[in-house]
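Novice: curious how this folds, go ahead:
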Amino acid sequence: IIPTSAPFDGGTQLTICGWDFMLNSMGFQDTSILIGKNKCKIDVKNSSQNKLLCKVNQEATVNFNISSSVSNGKQTVNFTTFSFVNPVIAGITPSYGPQSGKTLLTLKGHYLNSGKDRKVYIGGDVCTIKSESSTAIECYTPGKIIDTYPVTLKIDNAHRKASTSFTYKEDPSIFKIEPTKSFLSGGSTITAHGRNLNAVASPKMVIQLSEPEKRYYM
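Specialist: Residues are numbered from 1 along each chain as shown. This next block holds a predicted model:
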């Protein structure tokens with residue numbers, strides 16, 4: 001069964017793999033799926049003899065290793081590999097970034113990779129997900145107007161709002177770099193002067209040489 005856990009809010013599409021789900025030409029008329037005590041409505045159009053798709057529409061309570069079953073009208077198979085969970089956002093890092101976006105935002109919490117469809121929003125705009133795990137989701141922030149916006153995680157029918165908002169600051173501008181020359185062997189301290197240089201939570205300085213083509217990260 002995929003996924004093996006989902007928010008108790010409902011709306012998760014489940015995929016159950018096996019065989020002999022459909023015994024005759026009547027299709028899935030005699031086939032049924034129970035997740036706990038709730039029926040999981042079969043997506044007849046996209047299901048097959050060896051794969052069932054169904055959606056849990058009802059809200060449930062948090063419950064682990066739920067007693068569930070699949071029946072084709074003659075045989076019933078029981079399984080306890082599915083759980084209803086409560087996704088929680090414990091915090092976000094960083095809490096600010098430049099208005100042009102592309103800040104790598106990390107949401108930390110519990111059961112963040114449960115369910116099927118996961119999206120992170122900052123003030124209604126999608127934060128492009130880079131990686132997901134049970135305890136963390138990383139995403140790249142979209143560009144937005146300077147302001148403070150709520151951070152929301154949507155998992156199927158579940159909506160979770162972070163207690164900390166994300167603040168967009170004016171993009172950094174560099175006016176001057178000194179010194180303008182140094183040794184290839186390195187060791188020099190380079191100072192950048194500008195405005196809003198603290199708008200980036202984890203700033204990096206990159207020096208690129210055209211001949212020979214090299215990059216130096218600081």
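Novice: pLDDT below threshold where in the protein?
Specialist: 23-25, 211-218 (pLDDT under 70).
Novice: can I see the domain layout of it?
Specialist: The chain is divided into the following domains under automatic domain parsing: 5-85, 88-169, 173-217.
Novice: tabulate those (a markdown table), appending mean neighbour count.
Specialist: Every C-beta, even on glycine, is put in place using the N, C-alpha and C of the backbone. As requested, the domains of the chain are exported to a markdown table (neighbours: other C-beta atoms under 10 Å):
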| stretch | mean neighbour count |
| --- | --- |
| domain 5-85 | 16 |
| domain 88-169 | 17 |
| domain 173-217 | 10 |
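Novice: verify the stated contact: residue 118 with residue 126.
Specialist: No. If you go by C-beta atoms under 8 Å, residue 118 and residue 126 don't touch, sitting 11.2 Å apart.
Novice: which residues sit against stretch 108-120?
Specialist: Residues from elsewhere that reach stretch 108-120 (C-beta atoms under 8 Å, 6 or more residues apart in numbering): 3, 5-7, 12-14, 85-93, 105, 107, 126-127, 129, 132-137, 139, 151-156, 158, 160.
Novice: figure out the length between the terminal residues of it.
Specialist: End-to-end distance for stretch 108-120: 12 Å, by C-alpha to C-alpha, to the nearest Å.
Novice: starting at the chain centroid, how far to that stretch?
Specialist: Stretch 108-120 sits 5 Å away from the centroid of its parent chain (C-alpha atoms, centre = their mean, to the nearest Å).
Novice: got the contact list for residue 81?
Specialist: By C-beta under 8 Å, 6+ apart, the neighbours of residue 81 are 1, 4, 65.
Novice: my read is that residue 42 contacts residue 31, right?
Specialist: Yes. If you go by C-beta under 8 Å, residue 42 and residue 31 touch, sitting 6.4 Å apart.
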